[in-house]
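Q: just coords:
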Ligand code: GRF
């Protein structure tokens with residue numbers, strides 16, 4: 001197993017994938033993006049991956065599989081075949097099956113556009129604006145079987161402005177995501193961490 005090899009799972013625009021690949025190319029993020037998997041044929045992220053020369057770029061159609069577990073098993077097989085140590089979710093919109101999460105314990109990472117545990121779920125930015133919080137942000141966390149519930153690796157704070165809409169706030173949160181995600185992956189690979197209860201303790 002190459003401890004720097006990562007698989008990135010995407011469904012959409014792929015701006016986080018893009019900044020990760022740019023950080024790698026610039027020598028700022030010592031991971032090796034071996035594999036990108038998309039569950040959407042038209043995800044812009046697929047083209048970003050191909051253009052950057054990712055060795056294996058794969059679209060899997062969920063409709064070709066009997067159920068979620070079968071689809072996830074196909075993804076897990078690809079990840080294992082390419083010996084990826086880490087699975088990085090970057091705008092991946094499918095809920096992972098228990099099978100998949102248990103197959104890669106403490107090896108799946110996600111970025112979420114709120115300060116967890118506030119505003120888990122698919123409408124995080126909209127929910128934060130509606131609730132009226134004055135601070136939001138983004139969270140990089142390990143993935144376990146609870147939706148957006150795994151141990152927190154890193155967070156960045158973004159103020160919510162009085163005239164913010166979902167889209168304006170999301171745009172500012174994404175700017176932070178684009179710094180936080182590559183920086184956290186670098187730390188994970190170079191520094192490492194242990195886990196005490198729910199707490200991530202970064203190695204010194
Ligand atoms: C990000 O806001 C991330 O927090 C959420 O999905 C969005 C993905 O954006 N999980 P992109 O596809 O990386 O541009």
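A: It's in. Since the structure is predicted, the reported quantities are computational estimates derived from the model, not experimental observations.
Q: Could you use CA atoms for every contact and neighbour count after this?
A: OK.
Q: So for the longest helix belonging to the chain, mean pLDDT?
A: If you go by DSSP state H, the chain has its longest helix at helix 166-190. The average pLDDT within helix 166-190 is 97.
Q: by contact count, what packs against it?
A: If you count contacts as 3 or more Cα pairs under 8 Å, 6 or more residues apart in numbering; DSSP states H and E, helix 166-190 packs onto helix 15-25, helix 124-131, strand 135-142, strand 152-159.
Q: now these in JSON lines, with mean pLDDT and mean neighbour count?
A: Below are those laid out as JSON lines (pLDDT from 0 to 100; neighbours: other Cα atoms under 10 Å):
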{"stretch": "helix 15-25", "mean pLDDT": "98", "mean neighbour count": "19"}
{"stretch": "helix 124-131", "mean pLDDT": "98", "mean neighbour count": "18"}
{"stretch": "strand 135-142", "mean pLDDT": "98", "mean neighbour count": "23"}
{"stretch": "strand 152-159", "mean pLDDT": "98", "mean neighbour count": "18"}
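Q: Output these in JSON lines, with distance to the ligand appended to each entry.
A: What follows is the helices and strands packed on helix 166-190, written out as JSON lines (distance: least, Cα to the nearest ligand atom, whole Å):
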{"stretch": "helix 15-25", "distance to the ligand": "4"}
{"stretch": "helix 124-131", "distance to the ligand": "9"}
{"stretch": "strand 135-142", "distance to the ligand": "7"}
{"stretch": "strand 152-159", "distance to the ligand": "11"}
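Q: Adding distance to residue 49, write the ones you listed out as CSV.
A: Converted to CSV, these look like this (distance: least, Cα to Cα, whole Å):
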stretch, distance to residue 49
helix 15-25, 8
helix 124-131, 26
strand 135-142, 21
strand 152-159, 25
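Q: Mind listing residues that contact the longest helix of the chain?
A: 3-4, 15-16, 19-20, 23, 28-31, 111, 113, 125-126, 129, 137-138, 140, 153-156, 158, 160 (Cα atoms under 8 Å, 6 or more residues apart in numbering).
Q: tell me the secondary structure for residue 118?
A: coil (DSSP: H, G, I helix; E, B strand; the rest coil).
Q: where does it land on pLDDT?
A: At residue 118, pLDDT is 98.
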